[in-house]
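Engineer: Sequence first, then the predicted structure:
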Amino acid sequence: MSDVVVLITGANRGIGFELTRQYLINGCIVIATCRDKNRNAKLISLNDEYSGKLFIESMDITCPEQIERLANKLSEQNVVIDLIVNNAGYLDRENQSIQFINYADAEMSFKVNSLGPLFLTHCLLPLLNKSRLSKIVIVSSAMGSLSKEQAVSWYGYRMSKAAANMLVVNLSKELEASNVAVVAVHPGWVQTDMGGTSAKENVIDSAFGIMKVVSLLSISHSGTFYDFSGDELAY
Ligand SMILES: NC(=O)c1ccc[n+]([C@@H]2O[C@H](COP(=O)([O-])OP(=O)(O)OC[C@H]3O[C@@H](n4cnc5c(N)ncnc54)[C@H](OP(=O)(O)O)[C@@H]3O)[C@@H](O)[C@H]2O)c1
C-alpha cells in the first residue's frame with residue numbers, strides 16, 4: 001500500500017507543527033506549508049530525520065497566487081493528496097467591543113480562517129479526487145459555534161470560524177459523490193501562541209485527538225463538527 005499523503009497548513013508552529021511531527025512518526029508523507037519555508041528552524045530540523053517524507057512548501061494562505069502556484073507544482077509532480085488539514089489560523093490582535101472594532105483584523109480573520117481553506121480546497125480538488133477516499137479537515141473552533149452559549153467577544157475570529165463551519169457543511173454535500181469526507185474539528189483550548197499558557201490542553205494531546213478523529217472518519221460522518229476528543233459539537 002502506498003504512503004498516505006497529508007498536506008498541513010500553518011505547519012511551522014503550534015498545533016500544525018505537532019500534527020506534522022505526529023503524522024511523520026506514523027509513516028505518512030507530509031507536505032508542510034508555512035509562509036516562508038526558509039525561516040522555520042523547527043520544521044527544517046525535522047527534515048534530517050524524515051528526509052524523503054517531509055516536503056516543506058511556502059504558501060501564504062491569504063494569497064491566491066501562492067495557493068495556485070503550489071497546487072500547480074504538486075499537480076505537475078502527479079501528487080495524490082489523501083488528507084488536507086486546514087490548520088493555519090488568525091485571531092484578532094485584540095478583543096474589541098463593537099465600538100472599537102478593527103476592520104483590518106476582521107478582514108484578516110476571514111482571509112486566513114475561511115477564504116484560505118475555500119480557495120485551497122478549490123485548487124487541490126483534482127489531487128484529492130485521485131485518492132480513493134480523501135479527507136478534508138478544517139481546524140475550526142467552538143468559538144465559531146452559533147448555538148453554543150458563550151461570552152460575546154472576538155468578532156472577526158468568531159465570524160470567520162462560523163463561516164469555516166459553513167464551508168464544511170457545504171463541501172460535505174457537494175463532495176459526497178466524489179467520496180471526499182469533510183469535517184470541522186475544534187482542537188480544544190491549547191497551549192500555543194494563540195491559546196496562551198493558561199490553556200487547558202497541550203499540543204501533543206490536541207494533535208493526537210485530531211488525528212484520531214480523522215482516522216475514524218468515513219463519508220457517512222462527513223459534514224460533522226467534532227472536538228478533539230471525538231465528541232460531536234453543535235454548529
Ligand atoms: N490554540 C487554541 O486554543 C485554539 C482553539 C481553537 C481553535 N484553534 C485553531 O487551531 C489552529 C491552529 O492554532 P494554533 O493554536 O496552533 O495557533 P498558532 O500557534 O498561533 O499558529 C498559527 C499558525 O497559522 C499560521 N498562519 C497565520 N496566518 C497565516 C497566513 N496568512 N498564511 C499561512 N499561515 C498562516 C501561522 O504561521 P506564521 O508563523 O507564519 O504566523 C502559524 O503556523 C487555528 O486554526 C486556530 O484558530 C486554536
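Structural biologist: Nice, thanks for sending it over.
Engineer: So which bits of the top helix by length along the chain are buried?
Structural biologist: Ranked by number of residues, the top helix in the chain under DSSP state H is helix 155-174. Using 16 or more other Cβ atoms under 10 Å as the test for burial, helix 155-174 gives 155-169, 171-172. (C-beta placed from N, C-alpha, C; glycine too.)
Engineer: Tell me the helices and strands packed up against it.
Structural biologist: helix 103-110, helix 116-128, strand 134-139, strand 180-186 (3 or more Cβ pairs under 8 Å, 6 or more residues apart in numbering; DSSP states H and E).
Engineer: Tell me if that helix is near the ligand.
Structural biologist: No. On the criterion Cβ under 6 Å from any ligand atom, helix 155-174 is out of touch with the ligand, staying 6.8 Å away.
Engineer: in this protein, what spans have low per-residue confidence?
Structural biologist: Along the chain, segments meeting pLDDT under 70 span 1-2.
Engineer: Let me see the backbone angles for the residue positioned nearest the centre of it.
Structural biologist: Of all residues in the chain, the one closest to the mean position by Cα atoms, centre = their mean is Asn86, 1.9 Å from it. Asn86 has phi and psi values of phi -80, psi 90 when expressed as degrees, to the nearest 10.
Engineer: The spatially closest residue to it that is not a sequence neighbour: what's it in contact with?
Structural biologist: Of all residues not flanking Asn86 in the chain, Pro117 sits nearest, at 3.9 Å (Cβ to Cβ, 6 or more residues apart in numbering). When contacts are counted by Cβ atoms under 8 Å, 6 or more residues apart in numbering, Pro117 touches 9, 61, 86, 138, 164, 167.
Engineer: Then Arg93?
Structural biologist: Here Arg93 is in contact with 102, 105 (Cβ under 8 Å, 6+ apart).
Engineer: what separates it from Met194, distance-wise?
Structural biologist: According to Cβ to Cβ, to the nearest Å, Arg93 stands 11 Å off from Met194.
Engineer: thinking Ser131 is in contact with Asp82, fair?
Structural biologist: Yes. Applying Cβ atoms under 8 Å, one finds Ser131 in contact with Asp82, separated by 4.7 Å.
Engineer: what do these two both touch?
Structural biologist: Common neighbours of Ser131 and Asp82 (Cβ under 8 Å, 6+ apart) are Val5.
Engineer: Those two: who's more crowded?
Structural biologist: Set Ser131 next to Asp82 and count neighbours by other Cβ atoms under 10 Å: Asp82 wins out with 20 against 17.
Engineer: Give me the phi and psi angles of that one.
Structural biologist: Dihedral angles (degrees, to the nearest 10) for Asp82: phi -90, psi -30.
Engineer: who's in contact with it?
Structural biologist: Asp82 touches 4-6, 128, 131, 133-135, counting by Cβ under 8 Å, 6+ apart.
Engineer: now, which of those residues lie close to the ligand?
Structural biologist: Among these, the ligand is touched by none when using Cβ under 6 Å from any ligand atom.
Engineer: where do the helices sit along this structure?
Structural biologist: 14-25, 41-49, 64-76, 103-110, 116-128, 155-174, 203-215.
Engineer: Out of those, which one sits most buried?
Structural biologist: helix 14-25 (a mean of 23; mean count of other Cβ atoms under 10 Å).
Engineer: Which residues does that helix contact?
Structural biologist: Defining contact as Cβ under 8 Å, 6+ apart, one finds that helix 14-25 is touched by 6, 8-11, 30, 32, 42-43, 46, 49-50, 53-54, 85, 87-88, 139, 187, 190, 192-194, 203-204, 206-208, 210-211.
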